[in-house]
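Asks: how would this look folded up:
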Amino acid sequence: MLTEFSNKVKVVGAKQVKRALEADRVLTVLLASDADPRVTGPIAQACAEKGVRVETVPTMRELGRACGIAVGAAVAAAVNE
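Replies: A predicted model of the protein is given here:
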């Protein structure tokens, strides 16, 4: 899952994912299981409202690595170009 995600156009971070959700550009959202629920909860709720598929990743570090960044990521999304 993370390998195929790393090859897609993506946005990283709660603010960027929220903007992409509002613009109806999101294909799939990935949430890190070890992230703060205050960050991931509103994103998960917005995905449920919009019918966007949500998948979980074990750690923020793994998600950050899949996104090509040197730090962990709580939220990321594959988006339409």
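Asks: what about residue 35, neighbour count?
Replies: A count of neighbours around residue 35, defined by other CB atoms under 10 Å, yields 21. Every C-beta, even on glycine, is put in place using the N, C-alpha and C of the backbone.
Asks: who's in contact with it?
Replies: Residue 35 makes contact with 60, 74, 75, according to CB atoms under 8 Å, 6 or more residues apart in numbering.
Asks: is it true that the last one touches residue 40?
Replies: Yes - using CB atoms under 8 Å, residue 75 and residue 40 qualify as a contacting pair, with a distance of 6.1 Å.
Asks: Comparing those two, which residue is more hemmed in?
Replies: Remark: of residue 75 and residue 40, residue 75 carries more neighbours, 26 against 21, as counted by other CB under 10 Å.
Asks: List the beta-bridge partners for the more buried one.
Replies: Residue 75 has the following beta-bridge partners by DSSP bridges: residue 31.
Asks: From residue 29, how far out is it?
Replies: Distance, residue 75 to residue 29, by CB to CB, to the nearest Å: 7 Å.
Asks: And the pLDDT at residue 1?
Replies: The per-residue pLDDT reported for residue 1 equals 66.
Asks: let me redo that: residue 64
Replies: What the model reports for residue 64 is a pLDDT of 95.
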